[in-house]
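> Kindly generate the corresponding structure for this input.
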Amino acid sequence: MGRDLERENRLVLDVVQAALGLISGYIRAISIGLEPQRVILHIAIHRHSAQVDEDIEDLVFGFEALQDRNIAVEAAVFVGAPNADWPGRSGRLVYVAKEA
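Have a look, this model is predicted:
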């Protein structure tokens, strides 16, 4: 397995661990985009609320805490369905809610 894929897999597992207990009914999807010096957490939500915003902050904080080196982490929040218009589609999908 290549180093890039190993890194990506480790970061995906870190996102999963950081998201435990934070995924509510308002979060529709999470993906991760990797750049050499930055990680983008793409999060699709139904709508903004104080609770959702706090959960996203907690997710980013938890993810950063799991890193073994300082890396820039950005949360890109998208209000809407995780369809072709969602910028997170270009990243590695970590979570997608089943639509009712």
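> Which residue ranges of this protein form strands?
27-35, 38-45, 72-79, 92-96 (DSSP state E).
> Single out the most deeply packed of these.
The highest mean neighbour count among the strands of the chain, using mean count of other C-beta atoms under 10 Å, belongs to strand 38-45: a mean of 22. (Each C-beta comes from the backbone N, C-alpha and C, glycine too.)
> between that strand and strand 92-96, how many degrees?
30 degrees (axes from the mean of the first three to the mean of the last three C-alpha atoms, to 10 degrees).
> elements contacting strand 38-45?
Helices and strands touching strand 38-45, by 3 or more C-beta pairs under 8 Å, 6 or more residues apart in numbering; DSSP states H and E, are strand 27-35, helix 50-65, strand 72-79.
> and with 6 Å instead?
Counting contacts by 3 or more C-beta pairs under 6 Å, 6 or more residues apart in numbering; DSSP states H and E, strand 38-45 is packed against strand 27-35, strand 72-79.
> now the shortest one: mean pLDDT?
Taken as a whole, strand 72-79 has a mean pLDDT of 96.
> try stretch 10-19
95.
> Just the buried positions in that stretch, please.
11-12, 14-15, 18-19 (16 or more other C-beta atoms under 10 Å).
> now those residues as a markdown table including distance to H42?
Shown next, in a markdown table, are those (distance: C-beta to C-beta, whole Å):
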| residue | distance to H42 |
| --- | --- |
| L11 | 13 |
| V12 | 13 |
| D14 | 15 |
| V15 | 10 |
| A18 | 14 |
| A19 | 13 |
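> returning to what we had before: make TSV from the strands of the chain and add distance to G2 to it.
Shown next, in TSV, are these (distance: least, C-beta to C-beta, whole Å):
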stretch	distance to G2
strand 27-35	13
strand 38-45	18
strand 72-79	23
strand 92-96	14
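> Give me the below-cutoff pLDDT ranges for this structure.
1, 100 (pLDDT under 70).
> for it, which residue is closest to the average position?
Geometric centre of the chain, nearest residue: L41, 3.5 Å, by C-alpha atoms, centre = their mean.
> That residue: what's it in contact with?
Going by C-beta atoms under 6 Å, 6 or more residues apart in numbering, L41 touches A75.
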